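Asker: just coords:
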Ligand code: ATP
């Protein structure tokens with residue numbers, strides 16, 4: 001993929017036309033998001049006030065520009081108004097985050113994701129009309145609490161009260177067809193997928209037979225899925 005280091009509005013306009021995302025704020029969160037998007041083949045325009053951060057990411061993103069995102073004329077000059085998806089990853093400077101989101105909303109950006117550092121910040125962003133407000137620190141803390149408390153290998157709360165848990169297959173499931181284990185009625189969960197120690201992930205069905213050492217993905221109400229993941 002072509003990488004550009006010198007700013008030109010033609011370049012940002014071209015990026016906007018591709019499968020692209022503008023990431024504003026390149027701190028730890030914004031830069032790791034931007035790099036992950038690049039790794040997945042999405043073109044990224046990164047914007048930050050901090051010259052050092054911009055230099056550090058130069059050549060790593062499709063384009064990186066030092067600019068103040070609270071200024072509408074600056075965002076227009078960078079063709080940010082032509083991006084369908086913009087992430088505002090500014091946290092600590094709440095006023096800069098709010099002003100940036102307000103400018104983007106005024107420019108009718110179709111999808112805005114914005115990071116909130118706390119509930120108050122998040123509420124203001126939601127009231128402004130930001131489409132997706134994310135709470136990375138709060139969400140990570142909650143997720144970690146579930147991992148630390150139990151035997152889950154990974155945990156995602158898909159929505160409030162419903163979770164996906166990666167765990168080792170417990171003894172109650174070993175050596176017989178999943179369809180014969182009474183899993184749903186006894187535990188209120190479903191095994192969605194499984195992986196043998198040296199194998200790939202595969203969808204589980206009634207005829208799947210698990211062995212010791214297999215890893216499973218369990219879905220269900222959070223308390224049931226988590227409770228199930230505690231079984232040995
Ligand atoms: P993280 O937790 O992601 O590392 P951080 O605490 O380092 O974030 P934040 O205050 O959340 O920093 O801001 C993220 C980035 O946003 C910083 O690199 C900062 O320079 C940038 N930023 C802040 N205000 C603006 C602005 N008006 N325009 C462009 N970038 C900005």
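Answerer: Yep, it's here. Nothing here was measured: the structure is a model prediction, and the numbers come from that model.

Asker: contacts and neighbour counts: CA atoms only from here.
Answerer: Will do.

Asker: Report the contact partners of the nearest residue to residue 215 once chain neighbours are set aside.
Answerer: Spatial nearest neighbour of residue 215, chain neighbours left out: residue 168 (4.5 Å); criterion: C-alpha to C-alpha, 6 or more residues apart in numbering. Counting by C-alpha atoms under 8 Å, 6 or more residues apart in numbering, residue 168 touches 152, 153, 213, 214, 215, 216, 229, 232.

Asker: which one of the residues you listed has the most neighbours?
Answerer: Tallying neighbours with other C-alpha atoms under 10 Å puts residue 216 at the head of the contacts of residue 168, with 25 neighbours.

Asker: tell me which residues in the helix or strand containing that residue are buried?
Answerer: Assessed by DSSP states H and E, residue 216 sits inside strand 215-221. Residues 215, 216, 217, 218, 219, 220, 221 are the ones in strand 215-221 that count as buried (16 or more other C-alpha atoms under 10 Å).

Asker: what's it packed up against?
Answerer: strand 162-168, strand 190-195, helix 222-230 (3 or more C-alpha pairs under 8 Å, 6 or more residues apart in numbering; DSSP states H and E).

Asker: closest one to the ligand among these?
Answerer: Nearest of the helices and strands packed on strand 215-221 to the ligand, taken as C-alpha to the nearest ligand atom: strand 162-168 at 26.0 Å.

Asker: any residues touching the helix or strand following that closest one, and which ones?
Answerer: Next helix or strand after strand 162-168 toward the C-terminus (DSSP H and E): helix 183-187. Residues outside helix 183-187 that contact it (C-alpha under 8 Å, 6+ apart): 189, 190, 224, 228.

Asker: want to throw those into TSV with neighbour count, pLDDT and distance to residue 97?
Answerer: Output for the contacts of helix 183-187, formatted as TSV (neighbours: other C-alpha atoms under 10 Å; pLDDT from 0 to 100; distance: C-alpha to C-alpha, whole Å):
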residue	neighbour count	pLDDT	distance to residue 97
189	23	95	40
190	19	95	41
224	19	90	38
228	24	85	41
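
Asker: give me the subset of the residues you listed touching the ligand.
Answerer: Residues of the contacts of helix 183-187 in contact with the ligand (C-alpha under 6 Å from any ligand atom): none.

Asker: ok, now how distant is the most centrally placed residue in the chain from the ligand?
Answerer: In the chain, the centroid-proximal residue (C-alpha atoms, centre = their mean) is residue 33; its distance is 7.9 Å. When C-alpha to the nearest ligand atom, to the nearest Å is applied, the distance between residue 33 and the ligand equals 9 Å.

Asker: By mean pLDDT, point me to the weakest helix or strand of the chain.
Answerer: None of the helices or strands of the chain scores lower by mean pLDDT, DSSP states H and E than helix 9-17, at a mean of 70.

Asker: what's the closest non-adjacent residue to residue 232?
Answerer: Leaving aside its sequence neighbours, residue 232 sits nearest to residue 170 (C-alpha to C-alpha, 6+ apart; 4.7 Å).

Asker: for residue 53, that is, sorry about that
Answerer: Spatial nearest neighbour of residue 53, chain neighbours left out: residue 26 (6.8 Å); criterion: C-alpha to C-alpha, 6+ apart.

Asker: What of residue 204?
Answerer: Spatial nearest neighbour of residue 204, chain neighbours left out: residue 193 (4.6 Å); criterion: C-alpha to C-alpha, 6+ apart.
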